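# here is a sequence with its predicted model. Questions after.
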Amino acid sequence: MIWLALALLSPLAAALALFALRRAPAALTLAGAGAGLIGALGLFAVTAGGQTFRAALPFLPDFPVRLAADMLTATLSLTVATVAALVLSYAVGYMRGDPERVRFFATTLLFVTAMQTLVLSGDWITLLAAWEMIGFASYLLIGFWHRRDGVAGAATRAFLYTRSADLGLYVAAFILIGVAGSSEIAATLATTGAPALIAGLSLLVAAAGKSAQVPMQDWLMRAMAGPTPVSALLHSATLVAAGAILLIRVAPMLPAGALLAVALLGGVTTVVTGLIALAERDLKRLLAASTSSQYGLMLAAVGAGAPVAALLHLIAHAAIKSSLFLGAGIFQHDREGTGLDVLAGAGRARPGIFAGFTVSALALAGLPPFAAYVSKDAILAAALASPLAPWLLPLMLAGSFLTGAYMGRALTLLWRGDPGPAHASVPFMAAGMGLLVTLTATLGFGFGALERLLGADMAKAGWIVPVMGLAVGLGGLVLGAGVAPARLLGPLHSAAVQGFSVFGGMYGLVARPALGVAARCESLERWLYAGVLAVPALGVAARSESLERWLYAGVLAIGRAGLSLGDRARQTDAGGIDALIFGLVARTVSLGARARRLQSGLIHRELAITTLGIAAIVVALIAAPFLV
């Protein structure tokens, strides 16, 4: 268990230390990568002895997060750790003097941690989390020099291409977990029937996105905007390898229909991207197209029922392609460019580096005794023994021929021309590349033992397969070195120069249809808005406005009338009723005052008035008859 922890946690600890301390990036990086390599070696040795490990969170044993170490996952872990350690040792020299090297090394170590988590994941939840971490870390690394023109766009393009394909992994995981009732990968491999077919095809979509298979190959060639060590890691044992690793791990579950689709996609990709590589005018883009082609070979091997052959080629390709990219980085360092016209003669300026580059190129072409000679023969033997042989074997042979052709062309152009001056040598860069070239030359001798450890029984085809493989590899090298691509490709050259985008590539298959659907949805929305919603709503609104204005005018008129009536009532009240009341009151007060004078309280006066009153009455009574 200690080896598992060391392999997984050492690069993570180094990354966190770099983020925290912001110093000693070279020492911390080499220490983290070296400790991770030691852990992976120990894990491989233990599993080679027959032990397996299943690790869960100690404080949450029932939580569906598992790590699994068996012969297959330990081999993958060792591949990742070895390539990462050697590429990072190269990067110490490559990134010397870069003000952002701390960020570079910390992000790269996180990237390696995510890849180790992916290959050692024992359940789909952990694998999905690691898959997402790889995508995000690769986005940061491809866009590391984001202030340069086109870099941010290349990183975003790579991220979106792979993210669009990642949906397939989620669909597959949902199906497999639902059918098996468990999230453990080993338990879901027993799935059969329609669920296995749908899940297998969904996993193929996810793998095609990560491994840059047709029609999603375009993003990989545009991802060359990052530093050379990033390209070496992406193309060899991390991001692009993730798709092939996924299919290798689930190969026992794949039904015949899914295997057919995997083989067909891999076969087509190895030829199409091989043609693109042959027509390329930029060395790093040539190597990128070559990466897609080689992973096409691996997928074809899985489809032919030989996942171990695919694994052997993945290991060989990891060493070969990383050493080729590191050599290209040294040539780029000298010439400050990667165009094949700019690099003409660069190999003569650095004969040692060119010799290592040549060894790796010959190995990729499948020449003995190098690693890819063994792995390619295993793939060709599997194709020959497969029921798909009538069409799959010709595709594999064509892909092998094209591999020799584009590597022969690259070697010729690097050697011909003015050597020019070479920059001062950086020991770390040369050492990292040299060790990878050594692995390229020697790995093949251990593949037989690894095959036995994995318990594989691969197809054997006698002498015919080695002869065919050697013939197409040598033939491709000779023709690629001596014949111009335009003559060699004939009518296909123009399409290959344009990227050989099948059906318009990802844009034609996904973006253009999506934009078309969006345009029609926009038209439908406008029709719904104008014809169904807006016009009736505007009519109702216009009528409501008229009614509102009429109601407002009526209420306003009533209000004004009320105000006028109130004003008149106030005036009438003030000039009429109030005046009458006030007049009556005044008269009453005056009369009361006068009456009060009569009520003086003087008896003699009261008696006199009474007497006068009686006298007046008597006179009136006496005079009344005379007046009638």
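Sure thing, it's come through.
# remind me which residues of the stretch 451-600 of the chain are low pLDDT?
Residue ranges of the stretch 451-600 of the chain with pLDDT under 70: 461, 486, 490-512, 514, 531, 533, 573-578, 592, 595-600.
# remind me which residues of the stretch 201-350 of the chain are low pLDDT?
Counting by pLDDT under 70, the stretch 201-350 of the chain contains no low-confidence range.
# if we go to 90?
Within the stretch 201-350 of the chain, the segments meeting pLDDT under 90 span 214-226, 237, 279-280, 332-338, 341, 345-346, 349.
# same deal with the stretch 51-200 of the chain?
Residue ranges of the stretch 51-200 of the chain with pLDDT under 90: 51-66, 96-98, 147-150, 153, 157, 160-161, 163-164.
# if we go to 70?
For the stretch 51-200 of the chain, the ranges with pLDDT under 70 are 57-61.
# list phi and psi for residue 306.
phi -130, psi 70 (degrees, to the nearest 10).
# and it, how close does it get to residue 212?
Distance, residue 306 to residue 212, using Cβ to Cβ, to the nearest Å: 22 Å. For glycine as for every other residue, the C-beta is placed from the backbone atoms N, C-alpha and C.
# of the two, which one has the most company?
Neighbour totals were compared for residue 306 and residue 212, and residue 212 leads with 31 against 26 (other Cβ atoms under 10 Å).
# how many neighbours does the nearest residue to the more buried one once chain neighbours are set aside have?
Distances taken as Cβ to Cβ, 6 or more residues apart in numbering put residue 220 closest to residue 212, at 3.8 Å, once the chain neighbours are dropped. Residue 220 has 27 neighbours, counted by other Cβ under 10 Å.
# now do the contacts for residue 220.
158, 212, 235, 240, 288, 289, 291, 292 (Cβ atoms under 8 Å, 6 or more residues apart in numbering).
# quick one: the helices in the stretch 401-550 of the chain?
Ranges of helices within the stretch 401-550 of the chain are 427-442, 447-453, 464-482, 485-489, 493-497, 505-506, 512-527, 535-572, based on DSSP state H, counting those that start in this stretch.
# need these in a markdown table with mean neighbour count, can you?
Shown next, in a markdown table, are those (neighbours: other Cβ atoms under 10 Å):
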| stretch | mean neighbour count |
| --- | --- |
| helix 427-442 | 21 |
| helix 447-453 | 15 |
| helix 464-482 | 19 |
| helix 485-489 | 16 |
| helix 493-497 | 16 |
| helix 505-506 | 22 |
| helix 512-527 | 11 |
| helix 535-572 | 10 |
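# can you add distance to residue 68 and give the ones you listed back as JSON lines?
Formatted as JSON lines, these follow (distance: least, Cβ to Cβ, whole Å):
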{"stretch": "helix 427-442", "distance to residue 68": "26"}
{"stretch": "helix 447-453", "distance to residue 68": "17"}
{"stretch": "helix 464-482", "distance to residue 68": "34"}
{"stretch": "helix 485-489", "distance to residue 68": "45"}
{"stretch": "helix 493-497", "distance to residue 68": "42"}
{"stretch": "helix 505-506", "distance to residue 68": "33"}
{"stretch": "helix 512-527", "distance to residue 68": "38"}
{"stretch": "helix 535-572", "distance to residue 68": "61"}
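# hang on, the earlier thing: tell me which of the contacts of residue 220 is nearest to residue 611?
Residue 611 lies nearest to residue 158 out of those, by Cβ to Cβ, at 137.1 Å.
# isn't that closest one up against residue 142?
Yes. Between residue 158 and residue 142 there is a contact under Cβ atoms under 8 Å: 5.5 Å.
# spit out the residues that contact the two alike.
Shared contacts of residue 158 and residue 142, defined by Cβ under 8 Å, 6+ apart, are found at residue 223.
# what's near enough to touch the nearest residue to residue 36 once chain neighbours are set aside?
Leaving aside its sequence neighbours, residue 36 sits nearest to residue 10 (Cβ to Cβ, 6+ apart; 4.1 Å). With contact taken as Cβ under 8 Å, 6+ apart, residue 10 is in contact with 31, 32, 33, 34, 35, 36, 39.
# give me the pLDDT for the fifth one.
In other words, residue 35. In this model, residue 35 is scored at 97, pLDDT.
# tell me which helix or strand comes right after the helix or strand where residue 17 lies.
Assigned by DSSP states H and E, residue 17 belongs to helix 2-21. Moving toward the C-terminus from helix 2-21, the next helix or strand (DSSP H and E) is helix 25-48.
# and the contacts of the helix or strand following that next one?
Next in sequence after helix 25-48, counting helices and strands by DSSP H and E, comes strand 53-56. The contact list for strand 53-56 (Cβ under 8 Å, 6+ apart) reads 1, 4, 47, 63, 65, 66, 67, 68, 69, 70, 122.
# tell me how far the fourth one lies from residue 155.
Counting by Cβ to Cβ, the gap from residue 63 to residue 155 is 33 Å.
# compare the two (neighbour count), which wins?
residue 155 (24 against 11).
# name the nearest residue to the more buried one, sequence neighbours excluded.
Spatial nearest neighbour of residue 155, excluding adjacent residues (Cβ to Cβ, 6+ apart): residue 143 at 3.1 Å.
# picking that back up, among the contacts of strand 53-56, which are in helices?
Among these, the ones falling in helices (DSSP state H) are 4, 47.
# number of residues surrounding residue 97?
Residue 97: 6 neighbours (other Cβ under 10 Å).
# repeat that for residue 185.
Look at residue 185: counted by other Cβ under 10 Å, it has 22 neighbours.
# still on that earlier bit, distance from the chain centre to the helix holding residue 17, please.
Centroid separation for helix 2-21 versus its chain: 25 Å, with Cα atoms, centre = their mean, to the nearest Å.
# dump the C-alpha coordinates for it into PDB.
The C-alpha trace of helix 2-21 is given here as PDB (Å, rounded to 0.1, in the frame of the first residue of the first chain):
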ATOM      1  CA  ILE A   2       2.900   2.300   0.700                       C
ATOM      2  CA  TRP A   3       4.000   2.100  -3.000                       C
ATOM      3  CA  LEU A   4       0.500   3.100  -4.100                       C
ATOM      4  CA  ALA A   5       0.500   6.100  -1.800                       C
ATOM      5  CA  LEU A   6       4.000   7.100  -2.900                       C
ATOM      6  CA  ALA A   7       3.200   6.800  -6.600                       C
ATOM      7  CA  LEU A   8       0.100   8.900  -6.300                       C
ATOM      8  CA  LEU A   9       0.800  11.400  -3.600                       C
ATOM      9  CA  SER A  10       4.500  12.300  -4.300                       C
ATOM     10  CA  PRO A  11       3.800  14.500  -7.300                       C
ATOM     11  CA  LEU A  12       0.800  16.000  -5.500                       C
ATOM     12  CA  ALA A  13       2.900  16.900  -2.500                       C
ATOM     13  CA  ALA A  14       5.500  18.500  -4.700                       C
ATOM     14  CA  ALA A  15       2.900  20.600  -6.500                       C
ATOM     15  CA  LEU A  16       1.400  21.800  -3.300                       C
ATOM     16  CA  ALA A  17       4.800  22.700  -1.900                       C
ATOM     17  CA  LEU A  18       5.600  24.700  -5.100                       C
ATOM     18  CA  PHE A  19       2.300  26.600  -4.800                       C
ATOM     19  CA  ALA A  20       3.000  27.300  -1.100                       C
ATOM     20  CA  LEU A  21       6.800  28.100  -1.200                       C
END
